[in-house]
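Trainee: Just the structure for this:
(one chain, ligands or ions: 1)
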Amino acid sequence: MSKTAMGASQKDFESAVNQMKLLKKDPGNEVKLKLYAHYKQATEGPCNTPKPAVFDLINKAKWDAWNALGNLPKETARQNYVDLVSGLSSSSDSSSQVKPEADRKQAGYETLVMTSEDGITKIMLNRPTKMNALTTQMYQEIMLALEAASKDDSTITVLTGNGSYFSSGNDLTNFVISPDELEERARRGAILLRDFVGCFIDFPKPLVAVVNGPAVGISVTILRLFDLVYASDRATFHTPFSHLGQTPEACSSYTFPSLMGPAKAAEMLIFGKKLTAAEACARGLVTEVFPDSTFQKEVWTRLKAYSKLPRNALRISKQMIRNHEKEKLHAINAEESRILQERWQSDECMNAIMNFLSRKAKL
Ligand SMILES: CCCC/C=C/CC(=O)SCCNC(=O)CCNC(=O)[C@H](O)C(C)(C)COP(=O)(O)OP(=O)(O)OC[C@H]1O[C@@H](n2cnc3c(N)ncnc32)[C@H](O)[C@@H]1OP(=O)(O)O
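Mentor: Take a look at the predicted model:
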């Protein structure tokens, strides 16, 4: 849809509204909120309704998005809406042709960049403007990427982040849902979490985390399931579960106490103490810390040398180290996921998410 000097016409706008109804792929909560806000602004002007109650999560998120547009002129909102829909339609057109499964696994990642060279498969989290917060789609794509990496001919698999963060953990907008959806979404979330963590427990090759910046939540707890964790000295390690009304995941309720002792684990997992990279290294969670200025160069030089070692020997040694605990880890993972399913439906958790979304709380 082309722009005119006057912006989108009413006809362009109406046609975009109709196009939205035909969209086959769910564009995700973030985009839906933006569309809603611009639609309301284009049709009614600045937000003019009372702020919904704090527990009315979905209407509160919609209201916030509309209210955030302030006095944006109706014409600009109309144009923005048309542009947003046009972007969505073209991306869904190109993905509507069914591609062979193998192709999709190689090239079809929307939230990751996956590359393979010098015997190393690199999976890079790629939502730098959102600090690589993990959406449902991202968990699913990481599982697909791990599955592909486990079968390719690389020796080592690396997970890292694009931009300033390794990852800010679970994307809290995953929780922007209406109260009547809560139970079902919590159930599905628990299955997703169990399957996601299960992929790391079972991953058959050496797995390396290149922690390029701060890590929060599940992007910290999952690290104990990696074989090497290299961190920039800019990285921090933060597990603010209690602040969020939540509980530990990724087997950390077992792996952290066994790694650093129950007292140090409690400081992180119960009280949410944020560690520096040096502290995380002293507690055994990180293998080695590098100065940020030389981090990428030093780490990749090291990994390229390791990737030339005999592939099968590396894989078998990894499995020998990990196999003792596998069954136990799967049982712990299932139990942690079950407990979180309950937590996600609690008022404590709801309030914490609302506080973040309304920008009252930041870690
Ligand atoms: C189904 C499996 C479930 C597994 C469960 C796992 C549990 C966890 O992982 S708990 C950890 C959850 N994470 C958080 O609580 C972090 C929340 N984020 C923050 O506190 C801050 O954003 C930050 C300290 C990470 C960074 O602060 P900074 O001031 O540098 O940047 P911001 O302006 O806040 O962020 C930029 C941009 O990114 C969005 N964003 C960042 N993190 C998240 C997140 N976890 N969920 C959703 N969105 C996030 C932030 O809203 C900003 O977006 P806008 O530019 O659109 O405002």
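
Trainee: Any stretches of the stretch 51-200 of the chain with poor pLDDT?
Mentor: Residue ranges of the stretch 51-200 of the chain with pLDDT under 70: 54-56, 89-107.

Trainee: Check it for the residue nearest the ligand and tell me.
Mentor: Gly169 (2.8 Å; C-beta to the nearest ligand atom). Yep, even glycine has a C-beta here, placed from its N, CA and C like the rest.

Trainee: Would you check that that residue makes contact with Val216?
Mentor: Yes: in this structure, Gly169 is within contact of Val216 by C-beta atoms under 8 Å, at 4.0 Å.

Trainee: Between the two, which is the more surrounded one?
Mentor: Gly169 (27 against 23; other C-beta atoms under 10 Å).

Trainee: Next one: that one relative to Arg78, how far apart?
Mentor: 36 Å (C-beta to C-beta, to the nearest Å).

Trainee: now Ala305
Mentor: Taking C-beta to C-beta, one finds Ala305 at 57 Å from Arg78.

Trainee: of those two, who's got more company?
Mentor: Set Ala305 next to Arg78 and count neighbours by other C-beta under 10 Å: Arg78 wins out with 23 against 10.

Trainee: Quick one: residues contacting that one.
Mentor: 7-8, 10, 12-13, 38, 42 (C-beta atoms under 8 Å, 6 or more residues apart in numbering).

Trainee: Same check on Thr287?
Mentor: 228-230, 281.

Trainee: any chance of these in TSV, plus secondary structure and neighbour count?
Mentor: Below are the contacts of Thr287 laid out as TSV (DSSP: H, G, I helix; E, B strand; the rest coil; neighbours: other C-beta atoms under 10 Å):
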residue	secondary structure	neighbour count
Leu228	strand	19
Val229	strand	25
Tyr230	strand	25
Cys281	helix	18
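
Trainee: which among those gets closest to Phe290?
Mentor: Tyr230 (6.6 Å; C-beta to C-beta).

Trainee: Report the buried members of the contacts of Arg78.
Mentor: 7-8, 12-13, 38, 42 (16 or more other C-beta atoms under 10 Å).

Trainee: Show the backbone phi and psi for Ala250.
Mentor: phi 60, psi 30 (degrees, to the nearest 10).

Trainee: List just the nearest of the contacts of Arg78 to the ligand.
Mentor: His38 (14.8 Å).

Trainee: from memory that closest one sits against Val85, does it?
Mentor: No: if you go by C-beta under 8 Å, His38 and Val85 don't touch, sitting 9.6 Å apart.

Trainee: can you confirm Leu303 is in a strand?
Mentor: No: per DSSP: H, G, I helix; E, B strand; the rest coil, Leu303 lies outside any strand segment and is helix.

Trainee: helices and strands around whichever helix or strand Ala280 is part of, which ones?
Mentor: Counting by DSSP states H and E, the element that carries Ala280 is helix 277-282. Helices and strands touching helix 277-282, by 3 or more C-beta pairs under 8 Å, 6 or more residues apart in numbering; DSSP states H and E, are strand 228-232, strand 236-238, strand 288-290.

Trainee: Can you show me the strands along this structure?
Mentor: For the chain, the strands defined by DSSP state E cover 112-117, 120-125, 156-161, 207-211, 215-216, 228-232, 236-238, 275-276, 288-290.

Trainee: looking at those, which is buried most?
Mentor: Comparing the strands of the chain by mean neighbour count (mean count of other C-beta atoms under 10 Å), strand 215-216 comes out on top with a mean of 28.

Trainee: From Leu193, how far off is the residue in the chain positioned nearest to the ligand?
Mentor: Nearest residue of the chain to the ligand: Gly217, at 2.2 Å (C-beta to the nearest ligand atom). Distance, Gly217 to Leu193, by C-beta to C-beta: 11 Å.

Trainee: list the buried ones in stretch 291-304?
Mentor: Buried residues in stretch 291-304 (16+ other C-beta under 10 Å): 295, 299-300, 303.

Trainee: what does stretch 249-268 give?
Mentor: Buried, per 16+ other C-beta under 10 Å, within stretch 249-268: 249-256, 260, 264-265, 267-268.

Trainee: What residues does the protein have near the ligand?
Mentor: 130-131, 133, 168-173, 189, 192-193, 216-218, 244, 246, 249, 356, 362-363 (C-beta under 6 Å from any ligand atom).

Trainee: Drop anything exposed from those.
Mentor: Of those, these count as buried by 16+ other C-beta under 10 Å: 130-131, 133, 168-173, 189, 192-193, 216-218, 244, 246, 249, 356.

Trainee: Point me to the residue sitting closest to the centre of the chain.
Mentor: Leu134 (0.8 Å; C-alpha atoms, centre = their mean).

Trainee: And the protein, split by domain according to the record?
Mentor: 10-90, 112-361 (the TED database).

Trainee: just these: most buried one?
Mentor: By mean count of other C-beta under 10 Å, the domains of the chain have domain 112-361 as the most buried, with a mean of 18.
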